[in-house]
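S.K.: 3D, please:
(2 chains)
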Amino acid sequence: GAVVSQHPSRVICKSGTSVKIECRSLDFQATTMFWYRQFPKQSLMLMATSNEGSKATYEQGVEKDKFLINHASLTLSTLTVTSAHPEDSSFYICSARVGFDYGYTFGSGTRLTVV
Amino acid sequence: GENVEQHPSTLSVQEGDSAVIKCTYSDSASNYFPWYKQELGKRPQLIIDIRSNVGEKKDQRIAVTLNKTAKHFSLHITETQPEDSAVYFCAASTGSNYQLIWGAGTKLIIKP
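M.R.: Presented below is the predicted three-dimensional model:
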């Protein structure tokens, strides 16, 4: 089946530094990638939708200059958290829609801790 | 935009009994409704889904019903087992990019 590989699975960084999270589609072409953030005991919140070769569309309240999304190819999308602060600590998950049958595949998630 | 409401937030049932989780959505254009199970620190796992042209779908102990007129859909789990304990999310697919809009989640607890 369609697989999205997400790295790293865990990262601890110092406040003020930047962190890059990668999602690669291994056996299909991900035209659209969705990026979510999930705080403890909460639901997945859509941060942005990225389409290959174009600028990402950010949800209301998500700072596009802080959460940089690049989707330069059909197999790679990246999320960079710039100048991370403790409040950015969260579980970040990418997801791609597979084909036209509405199925979605998810990365394994990245646990970001900012200290 | 689409809004998905999910109830209850916590559901505790005796092992062997049935569990029902309900969701409502607001956008009549939504046409795909998946249910996910998520264990702590893991990615969501699809357990069943339904499309807008179908009213009911069943897979062994799990079933989903959809009422398009009322804009609600429900997850039914029969003969619950300890391994069914997890957080369950409903979602609705909407928009030109088919974004998933998620419910708030239900923590299902199966009591032995």
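
S.K.: Quickly note the distance from B:S9 to B:Y88.
M.R.: As judged by CB to CB, to the nearest Å, B:S9 and B:Y88 stand 11 Å apart. Every residue, glycine included, has its C-beta placed from N, CA and C.

S.K.: okay, and the common contacts of the two?
M.R.: B:105-106 (CB atoms under 8 Å, 6 or more residues apart in numbering or on different chains).

S.K.: Counting residues, what is the longest strand that chain B contains?
M.R.: For chain B, the longest strand by residue count, based on DSSP state E, is strand B:86-94.

S.K.: After it, which helix or strand is next?
M.R.: Reading on from strand B:86-94 to the C-terminus, the next helix or strand found by DSSP states H and E is strand B:99-102.

S.K.: Show me what that following strand is packed against.
M.R.: strand A:45-51, strand B:86-94 (3 or more CB pairs under 8 Å, 6 or more residues apart in numbering or on different chains; DSSP states H and E).

S.K.: Tell me the strands beside the longest one, with direction?
M.R.: According to DSSP bridges, the neighbouring strands of strand B:86-94, each with its direction, are strand B:32-38 (antiparallel), strand B:99-102 (antiparallel), strand B:106-111 (antiparallel).

S.K.: do the same with the first one
M.R.: Pairing partners of strand A:45-51, with direction, according to DSSP bridges: strand A:32-38 (antiparallel), strand A:57-58 (antiparallel).

S.K.: and chain B, which of its residues are near chain A?
M.R.: B:31-32, B:34, B:41-44, B:46, B:49, B:51, B:89, B:93, B:97-105 (CB under 8 Å from any CB of the partner chain).
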